[in-house]
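>>> let me see the structure of the following:
(chains A, B, C and D)
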Protein chains: 2
Amino acid sequence: MPLTLEEIGKLAGVSRSTVSRVVNGSANVSEVVRERVGQVIHQTGYHPHAAARSLVTHRTRVIGVVIPEALTKLFTDPFFPLLLRGVTETCNSHDYHLMLSLFSGPDGQFDMHRRVIRSGYLDGVIMASTRLDDPLVARLLQDKVALVMVGRHPDERVNYVDTDNLGAARMATEHLIRLGHKKIATLTGPLNMLQAQDRVAGFRQAMDAHRYSLPESLVVEGDFTEGSGYEGMTRLLAVRPSAVFAASDAMAVGALKAIRHAGLRVPDDIALVGFDDVPIAEAIEPALTTVRQPIERLGSMATELLLTLIEAGSSEEPRLVQRIVLPAELIVRQSCGALR
Amino acid sequence: MPLTLEEIGKLAGVSRSTVSRVVNGSANVSEVVRERVGQVIHQTGYHPHAAARSLVTHRTRVIGVVIPEALTKLFTDPFFPLLLRGVTETCNSHDYHLMLSLFSGPDGQFDMHRRVIRSGYLDGVIMASTRLDDPLVARLLQDKVALVMVGRHPDERVNYVDTDNLGAARMATEHLIRLGHKKIATLTGPLNMLQAQDRVAGFRQAMDAHRYSLPESLVVEGDFTEGSGYEGMTRLLAVRPSAVFAASDAMAVGALKAIRHAGLRVPDDIALVGFDDVPIAEAIEPALTTVRQPIERLGSMATELLLTLIEAGSSEEPRLVQRIVLPAELIVRQSCGALR
DNA sequence: TTGTAAGCGTTATCAT
DNA sequence: ATGATAACGCTTACAA
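Next up, the predicted model:
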């Protein structure tokens, strides 16, 4: 049913190669022929067949977004949709397409790798919220698939885009310091995650810079969840900090509850700053001061970078690894006490 | 670099046709040959090239999920990720792949149609949160693309899966009635949307069934946003209902604020029920009684249905249209006053 | 500038 | 049961 180059050629009175040239904007076509063929293409609504094309070009104009969706967090958090929006926007404007792979468990991974990568569906891959030791990373690297990660990765061969977690945490902490707090605690994420590490590191930097003492009792490890925030804060209550920097909004919410159960108020007794700016942050009482990542831009920059890699990929030069780190934004609301 | 059937054949001492038969599980292969070829395939890690395959089979094993992302709602709401999760799960288990198209505006639509559908990338399409008069629906129908919509659509040719919005709204309203409320109001969504229509209809059914009077002053149209909930509730305050059914959680949150600004309390003075069960519903004080849709199942059922259509598509029988309606769940929390 | 023809990696038809 | 061989729709030398 769909038309082929051959048929368009017949209609326009030229060979299929000429039509192909017109379609691909080759220079070697006379103006008059280009015009005539263009007409026919337009009238018939011809569109080249992707599979046939990529069979010979070895390019699909499709990139993959791979997310190990074990993390339920993804489904209560706008991270995932925003990232995808950034990716699709860039894809759309570059005439690329997006294949989405969510999978759970290593089987899923293995499968996905075989089916999607090896079958030649994709020109490149964006991986997000990947665990550090994810075996898929190694495999993709080995396959020499064009790869960009969202969230930094220690392997020196990986290209990535990331939020400046360290800078953001420093900024949040300094905000608290500027408000006059001296005894500031932090609820960290799971320290086997780079994001969590970076956020404590930023916190420490700020404290160090101001020569504030930081006994280890002020640093409590959580796992980004509300429950761990509640527990962590309960422990923290023993040393009674005047302010707390939580490495996620969920933990901040947990902390808030713990503080209230102890009969104390936020921000009057204890100031609170979160991280993520999930919708809940604005909805709760008091509204949460927090850090907002440029998630959508992360997505579009990752894509931009990936497309560059893909397009450069043909040339065999040892392409250099690129890393892009974007600043985050401090959203000041009530919980830090700045807006009294 | 990647291996071909031919090369596998050479290694196994058979022709490429035989290898193809093994790969596709054809019956006409002797056990011994199947074994030998299987070995080689396994050792070499051979995987068929998708483009070459679909060039001849006219099938890609890729389906598209199309979402007109104008709706910012999608990015503060877990609807989108949950739906996608349902879709990918089913895709994964059926060895299909998912291409995601988000676009804004009619240009994007037109483009997407040309590039993705016409180029033969997809075997079928799932459309979600589409406007009633979306021209893309007509076009897809006309192209005879296998299509399933998430959210019902009036065109008699479209297959869809949907939440039983009507039944859910009736259930929510009856819950309020059961709690003894007589003067119950509703904040509706924009009435040019089917969901919104269905939800008022369910509300009306419940009221009718109990022969409650329903002056039009108790029905206020909003647009699903918090702002419209606030305004709507403010107007409602004049007639002082004892309970309100809001057609979205966002509107319920707006209503809550309006009620508080008027110096009244929820649920003591006015009981409140929302719709959607967004994360905020559980986080606010009082926690919101609301309706939860089986979003993930919607996604997987839509996919299941689509794959059926695709696989049946070869046979030319006039395939019958299918519609699946799933029940929603009432999540009882504090705002309705049932848990005192 | 244009056309001819080879080939991309499969599947499918037809012999054998 | 297996192997040639012809498509599938396109790009791309190479010829003209």
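>>> out of everything not next to it in sequence, what's closest to residue A:269?
Leaving aside its sequence neighbours, residue A:269 sits nearest to residue A:259 (C-beta to C-beta, 6 or more residues apart in numbering or on different chains; 7.2 Å). Where you see a C-beta, it was placed from the backbone N, CA and C, and this is true even at glycine.
>>> so how far is the helix or strand containing the one you found off the chain centroid?
Using DSSP states H and E, residue A:259 sits in helix A:249-261. Distance of helix A:249-261 from the chain centroid (C-alpha atoms, centre = their mean, to the nearest Å) equals 26 Å.
>>> next: stretch A:128-140.
Offset of stretch A:128-140 from its chain centre (C-alpha atoms, centre = their mean): 14 Å.
>>> rounded mean pLDDT for it, please.
The average pLDDT for stretch A:128-140 rounds to 85.
>>> can you list the buried residues in the host helix or strand of residue A:137?
Element membership for residue A:137 (DSSP H and E) is helix A:135-143. Across helix A:135-143, burial judged by 16 or more other C-beta atoms under 10 Å in any protein chain shown covers A:136, A:137, A:140.
>>> nearest to DNA strand D, of the residues you listed?
residue A:140 (25.4 Å; C-beta to the nearest atom of the strand).
>>> what sits against the closest one?
A:113, A:117, A:125, A:127, A:147 (C-beta atoms under 8 Å, 6 or more residues apart in numbering or on different chains).
>>> got phi/psi on the second one?
Looking back up the chat, that one is residue A:117. phi -80, psi -50 (degrees, to the nearest 10).
>>> skipping adjacent residues, who's closest to it in space?
Residue A:117 sits nearest to residue A:145 (C-beta to C-beta, 6+ apart), 5.9 Å away.
>>> report pLDDT for that neighbour.
Note on residue A:145: pLDDT of 90.
>>> would you mind confirming that it makes contact with residue A:122?
Yes. Residue A:145 lies in contact with residue A:122 (C-beta atoms under 8 Å); the separation is 7.4 Å.
>>> compare neighbour counts for these two and give me the winner.
Between residue A:145 and residue A:122, counted using other C-beta atoms under 10 Å in any protein chain shown, residue A:122 has the larger neighbour count: 25 against 19.
>>> which residues does that one contact?
A:60, A:62, A:63, A:64, A:99, A:116, A:145.
>>> find the helix or strand that it is a member of.
Taking DSSP H and E as the definition, one finds residue A:122 inside no helix or strand.
>>> one more: the one 10 residues further on?
Here residue A:132 is covered by no helix or strand, with elements defined by DSSP H and E.
>>> show me what contacts it?
By C-beta under 8 Å, 6+ apart, residue A:132 lies in contact with A:153, A:154, A:192, A:193, A:194.
>>> ok so, going back, need the worst-confidence member of the contacts of residue A:122.
residue A:116 (83).
>>> sec struct for that one, please.
Per DSSP: H, G, I helix; E, B strand; the rest coil, the local secondary structure of residue A:116 is helix.
>>> what's the neighbour count on it?
As a burial measure, residue A:116 scores 21 neighbours (other C-beta under 10 Å).
>>> then the one 10 residues further on?
Residue neighbour count, defined by other C-beta under 10 Å, stands at 25 for residue A:126.
>>> ok, it touching residue A:302?
Yes. Counting by C-beta under 8 Å, residue A:126 touches residue A:302, with 5.1 Å between them.
>>> the residue nearest to residue A:327 when sequence neighbours are not counted and residue A:4, how far apart?
Nearest residue to residue A:327, sequence neighbours excluded (C-beta to C-beta, 6+ apart): residue A:164, at 5.2 Å. Remark: distance between residue A:164 and residue A:4 (C-beta to C-beta, to the nearest Å) = 51 Å.
>>> these two: which has the busier surroundings?
Taking other C-beta under 10 Å, residue A:164 and residue A:4 do not tie; residue A:164 has more neighbours (17 against 14).
>>> now do that one, the pLDDT please.
If you check residue A:164, the pLDDT there is 98.
>>> that one touches residue A:328, doesn't it?
Yes. Between residue A:164 and residue A:328 there is a contact under C-beta under 8 Å: 6.2 Å.
>>> now do the same contact list for residue A:167.
Counting by C-beta under 8 Å, 6+ apart, the residues that residue A:167 touches are A:202, A:327, A:328.
>>> beta-bridge partners for the residue most central in space within chain A, please?
Residue closest to the mean C-alpha point of chain A, counted by C-alpha atoms, centre = their mean, is residue A:150 at 4.2 Å. Taking DSSP bridges as the rule, residue A:150 bridges to residue A:128, residue A:161.
>>> separation between it and chain B?
Using C-beta to the nearest C-beta, to the nearest Å, residue A:150 is found at 16 Å from chain B.
>>> domain ranges for chain A, per the record?
Domain segmentation of chain A under automatic domain parsing yields A:5-57, A:62-163+A:296-326, A:165-293+A:329-336.
>>> next, count neighbours for residue A:3.
Burial of residue A:3 is recorded as 18 neighbouring residues (other C-beta under 10 Å).
>>> quick one: contacts for the residue nearest to it when sequence neighbours are not counted?
Spatial nearest neighbour of residue A:3, chain neighbours left out: residue A:46 (4.8 Å); criterion: C-beta to C-beta, 6+ apart. When contacts are counted by C-beta under 8 Å, 6+ apart, residue A:46 is found next to A:3, A:8, A:40.
>>> can I get the contacts of residue A:122 in a markdown table including secondary structure and distance to residue B:245?
Output for the contacts of residue A:122, formatted as a markdown table (DSSP: H, G, I helix; E, B strand; the rest coil; distance: C-beta to C-beta, whole Å):
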| residue | secondary structure | distance to residue B:245 |
| --- | --- | --- |
| A:60 | coil | 49 |
| A:62 | strand | 45 |
| A:63 | strand | 44 |
| A:64 | strand | 43 |
| A:99 | strand | 41 |
| A:116 | helix | 45 |
| A:145 | coil | 51 |
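>>> what separation do you get for residue A:338 and residue A:271?
8 Å.
>>> which residues of chain A lie near DNA strand D?
Counting by C-beta under 7 Å from any atom of the strand, chain A comes close to DNA strand D at A:2, A:4-6, A:16-17, A:20-21, A:23-24, A:48-49, A:52-53, A:55-57.
>>> narrow the residues you listed to those in helices?
Taking DSSP state H as the definition of helices, these contribute A:5, A:6, A:16, A:17, A:20, A:21, A:23, A:52, A:53, A:55, A:56, A:57.
>>> check the first one and give its pLDDT.
Looking at residue A:5, its pLDDT stands at 95.
>>> report the separation between it and residue A:42.
Taking C-beta to C-beta, one finds residue A:5 at 15 Å from residue A:42.
>>> same check on the fifth one?
Remark: distance between residue A:20 and residue A:42 (C-beta to C-beta) = 16 Å.
>>> more neighbours: which of these two?
For residue A:20 versus residue A:42, the count of surrounding residues by other C-beta under 10 Å is larger for residue A:20: 17 against 9.
>>> quick one: that one and residue A:5 touch, right?
Yes. Counting by C-beta under 8 Å, residue A:5 is a contact partner of residue A:20 at 5.7 Å.
>>> which stretches of chain A form helices?
For chain A, the helices defined by DSSP H cover A:5-12, A:16-23, A:31-44, A:50-57, A:79-94, A:105-112, A:135-143, A:165-178, A:194-209, A:226-236, A:249-261, A:279-283, A:295-313.
>>> what residues does the stretch 201-340 of chain A put near chain B?
Contacts of the stretch 201-340 of chain A with chain B, taken as C-beta under 8 Å from any C-beta of the partner chain, map to A:253, A:278, A:279, A:280, A:283, A:284, A:285.
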